[in-house]
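> any chance you can model this:
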Amino acid sequence: MSRVRVGTCGFSKSRRLIYRDLDAVEIQQTFYDPRVEGFLERIREEAPGGFEFTVKAWMLVTHEYNPRLWRRLKSPVPGGRESYGFFRDNEYVRWAWEETVKAARRVGARIIVLQSPASFKPTRENLDRLRGFLEKYWPEGYLLAWEPRGEWWGRTDLLEALSRDYGLVIAGDVLRGRLPPEGQDLLYARLHGLGGGEVNYKYRYTDSDLERLRQVVLGGPWSTAYVMFNNIYSYYDAVRFKQLLSGGNPK
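Residues are numbered from 1 along each chain as shown. Predicted coordinates for the structure are as follows:
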């Protein structure tokens, strides 16, 4: 049976409840701007033993300029907005990545999540950029989990090669059929709701959804599974899923 860690993407309820009832949180503030040192140190100090944080990489590493997202920056950044995103190999993306790794270190995370948008398509240029990034900038002692969106899921050959060649953890919404490549030892499931497009954050998982999720998580070959809910009901759905895993009925 897999060792299962159940959590949420972000603090959708009070930290007290999250710490009490769940196993992990994927920190979302770092996606918008990881320069939140005081916050990261505070939650690391207050979290109980055994609770785990993972960190979502800064959007400046993974996403090209988006005015809606850039409004969330804490302070100005060096270089022009065209310098960032899509794993570009330049001093600006490298700086943004170093800030991400600093944040992971501050909060004691061992997994950094890279989520790329659907506009980052599986072209030769983008594949080369991603491979170059993994070869040059993988921080020692960390696991990298990449959730691609869009067309990458139709290129399982590329996902398998990236997992095999680099040890990259391919993450995805397993209830949408986005399962890890064969041979991957760790499952990192990010659950964004069902229906709609890539995400449906307003979705609330049904009992049958959670039972199907249980079968996927416990039926796979991985030794460890992270199940991270990323919808507006994430806390409630995560608690219900933990109850189901323990043999109870989700309420």
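> can you pull the phi/psi pair for the spatially most central residue of the chain?
By Cα atoms, centre = their mean, the mean C-alpha position of the chain lies nearest to residue 113, the distance being 4.0 Å. Backbone torsions of residue 113, given as degrees, to the nearest 10, read phi -100, psi 130.
> ok, now residue 24?
phi -160, psi 160.
> residue 26 belongs to a helix?
No - counting by DSSP: H, G, I helix; E, B strand; the rest coil, one finds residue 26 to be strand, located in no helix.
> so what pLDDT did it get?
Model confidence at residue 26, given as pLDDT, is 98.
> quick revisit: thinking the residue nearest to the centre of the chain is in contact with residue 59, fair?
No - applying Cβ atoms under 8 Å as the test, residue 113 and residue 59 come out as separate, 11.9 Å apart. C-beta: built from backbone N, CA, C; applies to glycine.
> so residue 227 is in which element?
Per DSSP states H and E: residue 227 is located in strand 224-229.
> buried set for the helix or strand immediately after that strand in the chain?
Tracing the chain past strand 224-229, the next element assigned as helix or strand by DSSP H and E is helix 234-245. For helix 234-245, a neighbour-count test (16 or more other Cβ atoms under 10 Å) marks 234, 235, 236, 237, 238, 239, 240, 241, 242, 244, 245 as buried.
> who does helix 234-245 touch, helix- and strand-wise?
Under the contact criterion of 3 or more Cβ pairs under 8 Å, 6 or more residues apart in numbering; DSSP states H and E, helix 234-245 touches strand 3-9, helix 15-21, helix 207-219, strand 224-229.
> what are the contacting residues of that helix?
The contact list for helix 234-245, computed with Cβ atoms under 8 Å, 6 or more residues apart in numbering, reads 4, 6-10, 12-13, 17-18, 21-23, 191, 204-205, 207, 210-211, 213-214, 218, 227, 229, 231, 249-251.
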